[in-house]
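got a sequence here, can you model it:
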Amino acid sequence: MVRLLLFSVLIVSTLFYSCGKKEEKDTRPISSKSGGKIVIAEIAKPLSLFPQKLTRIEEALICNQIYEPLIRLNAKTLDLIPALAEKWEVSPDGKHITFYLRKGVRFQDDACFDGGKGREITTADVKFTFEKLCRESEDNFHFYTICSDRIVGAKEFNEAMQRYKEGDKKPEIKGLKIIDDYTFSIDLQYPNYHSFLQLLATPIAAIIPKEGYEKYKDKLDFGAGPYRIDKTSSNEQQLVLVKNPHYYAVDKEGYALPYIDTIVIRYFESTEDAIIAFLNHQVDVVNDVPNNAAKRVVEQHINSFQKVPPEYIIDMTSQMFVQYVLINTHLPPFDNIKVRNAVNYALDRNKIIEKAFNGQALPGIYGITPPAFKDYDITQLKGYDFNIQKAKELLAKAGYPNGQGFPTVTIYTNKGFSKTQAAINELQRQLKENLNINVIFESLPLDIKFRLEQKNKGHFFRQGWVADFPSPENFLSIFYGKHVTLDTNKVYFPNTQRYINPIFDEYYEKGRDAVNKDSAYKYFMQAEQILLDDAPMIVLWYEASYRLYHNKIKDFYMNPMRYYDLRIAYIEKNEK
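You can find the predicted model right below:
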């Protein structure tokens, strides 16, 4: 899902508009671990905090705290764990799931409710949420992510709602059955229930209140999560989250979760600025630290890492994360497959990652899926090695010998990420040197870049993708185009480039709808090879991620999805 976008002034002003009243104090049993504040540094600000419009990992970080889905992930293992649904049962054929909601769970207090007091969540809220998800609209980017081709009757419901007028009998989702106030079921078209459950564990599928949506529409910014936004303390430089005193979850001893009182997300112009703030004790956590910066920090502050116990911790893990460049296949000369193949062969990815990471990443010579999935061997894919001769031959066959007559092209990337900018500078240099192709490099605010991408303006767009759920399906979905048109007034997510390849779609669907993982992986591998051959992208690298944080933060698990469970993290208290 997950790319990186920026607030507009309008969204900032509405997002932080205070609409609630002061909440009552937390009366739950409080653990000795409870209390304190942590500050997390981020570079990119979210464009939206409405679950059904999420597109970026930074948005997901916040929404995982302020909303509550039916299911969550265990941050340590990435296994599914109960959330609003205390349990679920799957039928033997894998196509029918029954969910059982917890009783007594409340939405956060807000002026949209009677008396300003958050009410209990029931299956009526589940129904409202899925009716929103199962309808294509300007404030729902995820109809094709969660509903279409998964939930029985979702397509028909969407089509009926496009014709629906006030006063008509409202259509129903055939596959959604409300049994009572705390029990409901979902019928799936295909038996691949596990990936559907994984999708429900994302904040995209968080349960939202009808009253809140009717009052705030896609400016809604609260749910039933462990934290709520403190709008009096939040501004353009930071987003402040404070503990929800009515959150349902408790630890194994029965003490209230979350432990930490306040989470501050501070926004910086660059990772370098964030690291300086960390070393000045103004920030507790910095994500996505480049290899060279991580090495420098360790060398210059070795005593802080070698203390017993250490003051600072630096974690490194391979991520379900790929960096790539989208190629606009609808714009000449890249509507020619030979041109797309040529630019892929012309790039020495080892030199690119040397510039960005001092070589500490894996070159993207295989597919779009990173090497993070057991039993999905990306080395079996035939990707693009570095072959200048082949690149020149393909470009000549496309009608541009030695780059003659080839137009100047533009690559758009986002501001603030030094490692990717260094990599794109190297890509720019190589295409000029190896193919005589002139590339203009523009670093833009993320909201502007996203808008250009949606409007199909520009040849290249540099992107990064972190898994929403742990499956190759999530990466291949970026290019699934069965429902995509060239209407630039519509937003297609995640296929923002409007890539259309029916053969790829066929194998992707077979993998998505397969009965078991082995079958799914076989079809996904075939789909990915078709994608590589058609080359609507340049895979740059698969990377490991460094996270720098203060040792006082405990149970702060790192995983390949950069999925945080801040409910269980706590701050170690200094006992003197």
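
any idea how far Ile43 is from Phe268?
Taking CB to CB, to the nearest Å as the measure, Ile43 and Phe268 are separated by 6 Å. C-beta here means a position set from N, CA and C on the backbone, and glycine is covered the same way.

okay, those two: which has more neighbours?
Neighbour count, other CB atoms under 10 Å: between Ile43 and Phe268, Ile43 has more, with 22 against 19.

could you pull up phi and psi at the more buried one?
Note on Ile43: its backbone torsions stand at phi -100, psi -40 [degrees, to the nearest 10].

quick one: the helices in the stretch 151-300 of the chain?
For the stretch 151-300 of the chain, the helices defined by DSSP state H, counting those that start in this stretch occupy 154-163, 193-200, 210-216, 271-279, 291-300.

any idea of the mean pLDDT in the first one?
Pointing back at helix 154-163 there. Mean per-residue pLDDT for helix 154-163: 95.

buried set for it?
154-155, 157-158, 160-161 (16 or more other CB atoms under 10 Å).

who's in contact with it?
131, 134-136, 143, 147-149, 171-175 (CB atoms under 8 Å, 6 or more residues apart in numbering).

for Ala224, state which of these is nearest.
Of all these, Glu131 has the smallest distance to Ala224: 18.2 Å, by CB to CB.

would you format the buried residues of helix 154-163 as CSV with distance to Glu572 included?
As requested, the buried residues of helix 154-163 are exported to CSV (distance: CB to CB, whole Å):
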residue, distance to Glu572
Ala154, 47
Lys155, 51
Phe157, 50
Asn158, 50
Ala160, 55
Met161, 51
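
ignoring the adjacent residues along the chain, who's closest to Tyr523?
Nearest residue to Tyr523 in three dimensions, chain neighbours excluded: Gly511, at 3.5 Å (CB to CB, 6 or more residues apart in numbering).

separation between that neighbour and Tyr248?
36 Å.

more neighbours: these two, which one.
Counted by other CB under 10 Å, Gly511 and Tyr248 do not tie: Gly511 has more neighbours, with 24 against 20.

per-residue pLDDT of that one, please?
According to the prediction, Gly511 has pLDDT 94.

now it, what's its secondary structure?
The three-state assignment at Gly511 reads helix, by DSSP: H, G, I helix; E, B strand; the rest coil.

how about Phe450?
Under three-state DSSP, the three-state class of Phe450 is helix.

all strands of the stretch 51-200 of the chain, in order?
Applying DSSP state E, counting those that start in this stretch to the stretch 51-200 of the chain gives strands spanning 71-73, 80-82, 85-90, 96-101, 176-180, 183-187.

and these, which is most packed in?
Neighbour counts (mean count of other CB atoms under 10 Å) averaged over each of those peak at strand 71-73, with a mean of 21.

surely Arg462 forms part of a helix?
No: per three-state DSSP, Arg462 lies outside any helix segment and is strand.

gap between it and Ser519?
34 Å.

compare neighbour counts for those two and give me the winner.
Using other CB under 10 Å as the criterion, Arg462 and Ser519 rank with Arg462 on top: 23 against 14.

if we ignore the residues flanking it in sequence, what's nearest the more buried one?
Using CB to CB, 6+ apart, the closest residue to Arg462 is Thr413 (3.9 Å).

and for Lys510?
Nearest residue to Lys510 in three dimensions, chain neighbours excluded: Tyr523, at 4.0 Å (CB to CB, 6+ apart).

helices or strands up against the helix or strand harbouring that neighbour?
Assigned by DSSP states H and E, Tyr523 falls within helix 517-534. Under the contact definition 3 or more CB pairs under 8 Å, 6 or more residues apart in numbering; DSSP states H and E, helix 517-534 sits against helix 472-476, helix 502-512.

so after it, what's the next helix or strand?
As assigned by DSSP H and E, the chain's next helix or strand after helix 517-534 is strand 537-550.

listing partners with orientation, what would you give for that next one?
strand 285-289 (antiparallel), strand 312-327 (antiparallel), strand 362-363 (antiparallel) (DSSP bridges).

tell me what the next helix or strand after that strand is packed against?
Moving toward the C-terminus from strand 537-550, the next helix or strand (DSSP H and E) is strand 553-554. The contact analysis (3+ CB pairs under 8 Å, 6+ apart) places strand 553-554 against strand 570-571.

partner strands of the strand it packs on, parallel or antiparallel?
Strand 570-571 sits in its sheet next to strand 553-554 (antiparallel), going by DSSP bridges.

any idea of the mean pLDDT for the strand it pairs with?
The model assigns strand 553-554 a mean pLDDT of 96.

one step back: wait, which of the helices of the stretch 151-300 of the chain is closest to Ile500?
helix 154-163 (18.8 Å).

closest to Gln198 out of the strands of the stretch 51-200 of the chain?
Using CB to CB, the strands of the stretch 51-200 of the chain put strand 80-82 closest to Gln198, at 7.0 Å.
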